[in-house]
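Peer 1: Need coordinates for the below:
(one chain, ligands or ions: 1)
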Amino acid sequence: MRFTISSRTIAIILSLLVAAVLTTLAWLGPTMPFQQGVLAAGITVAACFLLLYLMFEALIFREINNIYEGLENIKRKEFRRMSNKFLFRPEPLKRMRDEILDMAQRKQQEIDELKRLQALRREFLADVSHELKTPIFAAQGFVHTILDDDEVDEFTRKKFLQKAATSLDALDALVQDLVTISQLEKGVVRMRRQRFDLGQLVQDIFEQLELKAARRHVTLELLPLPAATPSLVLADRNRIRQVLINLIDNAIKYGRENGHVRVSFAETGKSLRVRVQDDGEGIPKQHQNRIFERFYRIDKSRTRESREAGGSGLGLAISKHIVEAHKSTIRVRSELGQGTTLEFKLPKPKKVVGDEPVKE
Ligand code: ADP
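Peer 2: Predicted structure coming up:
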């Protein structure tokens, strides 16, 4: 059986005990008459009761009640400090109370963060399965049509096989991007510091994307630094190449047909600013920050368009990670009907430095 006792009951018991001891002593002594003895006992009980009751109430019970009240508040997610209506408070109890409440608050915040991460993970898993399904089903469909239909002529067979191959290529790109993003998020990827010419890198990428741009009649332009200064930076060449491919590829994909894609550089103190600009239909304000989220696409029709053009929906999320691992930020500026600009900065090298790994 559980036995609970209040501060009042303890105070009464203790007062009676003290009074009993004192009165017995007084009784046994020859000087005090009986009536005075009873009066003394009454006064002692009252005084002891008041003292002990106040002590328990003020020092311990109230303090503990207060801790409970605080914990209740934390449960209800009301992270506010508790009332301080105390006569006096001993230091160890105060410290204990503050520590318990701080710990409970921290734990509650950790639980909330874990719940948020769990929701994100669930959402990510749903997105990944959805994205994987599309190319798998497409390839499966083409291959089964060829297998199931004996009368498919050579031309159609080849066409279907090509389509299946395209879907499998998209699947491969998606899986590679998934591996990259999970490594970047785990923080296991280390960025190298290499001194290289960004202008040269952009020229290489232009050559690689020439055909894609030609299909949409897009002109690719590089605006180098004035006075033919080499656009040297200190960064991870391969990773920055990946970022620039994503940005230039998007500018071609989502830019205007027959339009222009411009890459420009500007020196800003110790860094070099890189801009990739298109003259497409632009990105509405409410989507501008969200385009860096994994699998975020502005609309459904573009989803299909982007998949057909080989977009995994992870390009900008990966680019953001890479740029941030270089201690920089990627920014978007866009005006509807005018076009979109994405930009970031990279450090310029001081003197000749060899390759050295840099912590992410
Ligand atoms: P995707 O593989 O879909 O291109 P990204 O992560 O590269 O994935 O881009 C995310 C979304 O951001 C795109 O689906 C597109 O809706 C939008 N977006 C990216 N770049 C541009 C751009 N230059 N102009 C307009 N919209 C863009």
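Peer 1: Quick test: name the residue nearest the centre of this protein.
Peer 2: The centroid of the chain falls nearest to residue 117 when counting by CA atoms, centre = their mean (8.0 Å).
Peer 1: element containing that residue?
Peer 2: For residue 117, the enclosing helix or strand under DSSP states H and E is helix 91-148.
Peer 1: That helix: how far from the chain's middle?
Peer 2: Distance, stretch centre to chain centre, for helix 91-148: 11 Å (CA atoms, centre = their mean, to the nearest Å).
Peer 1: and if you look at stretch 277-291?
Peer 2: Mean-position distance between stretch 277-291 and its chain equals 22 Å (CA atoms, centre = their mean).
Peer 1: what's the span of that stretch, first residue to last?
Peer 2: Its start and end residues considered, stretch 277-291 measures 16 Å (CA to CA, to the nearest Å).
Peer 1: And stretch 263-281, by the same measure?
Peer 2: 18 Å.
Peer 1: Need the contact partners of that stretch.
Peer 2: For stretch 263-281, the external contacting residues (CB atoms under 8 Å, 6 or more residues apart in numbering) are 198-199, 202, 220-225, 231-233, 244, 247-248, 250-252, 254-256, 259-262, 328, 336-348. From N, CA and C alone the C-beta is placed, and that goes for glycine too.
Peer 1: Using the three-state scheme, assign the closest residue to residue 338 other than its chain neighbours.
Peer 2: Leaving aside its sequence neighbours, residue 338 sits nearest to residue 282 (CB to CB, 6 or more residues apart in numbering; 5.8 Å). Taken by DSSP: H, G, I helix; E, B strand; the rest coil, the conformation at residue 282 corresponds to coil.
Peer 1: Got phi/psi on residue 282?
Peer 2: Main-chain torsions, residue 282, degrees, to the nearest 10: phi 80, psi 180.
Peer 1: That one and residue 332, how far apart?
Peer 2: Distance of residue 282 to residue 332, given as CB to CB, to the nearest Å: 10 Å.
Peer 1: Neighbours of residue 189, how many?
Peer 2: Neighbour count for residue 189, taken as other CB atoms under 10 Å: 15.
Peer 1: What about residue 32, how many residues nearby?
Peer 2: Look at residue 32: counted by other CB under 10 Å, it has 15 neighbours.
Peer 1: Ok, residue 129 next?
Peer 2: 9.
Peer 1: can you tell me how far the nearest residue to residue 197 once chain neighbours are set aside sits from residue 131?
Peer 2: Setting aside the residues directly before and after it, residue 197 is nearest to residue 230 in space (CB to CB, 6+ apart), at 5.0 Å. Distance of residue 230 to residue 131, given as CB to CB: 40 Å.
Peer 1: more neighbours, these two?
Peer 2: Taking other CB under 10 Å, residue 230 and residue 131 do not tie; residue 131 has more neighbours (23 against 12).
Peer 1: tell me the contacts of that one?
Peer 2: Applying CB under 8 Å, 6+ apart, we find residue 131 in contact with 174, 295, 312-313.
Peer 1: Quick check: ChimeraX command selecting the buried ones in the contacts of stretch 263-281.
Peer 2: Command for ChimeraX that selects the buried part of these, burial taken from 16 or more other CB atoms under 10 Å:
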select :198,199,202,220,222,224,225,231,232,233,244,247,248,250,251,252,254,255,256,259,260,261,262,328,339,340,341,342,343,344,345,346,347,348
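Peer 1: Appreciated, that's everything.
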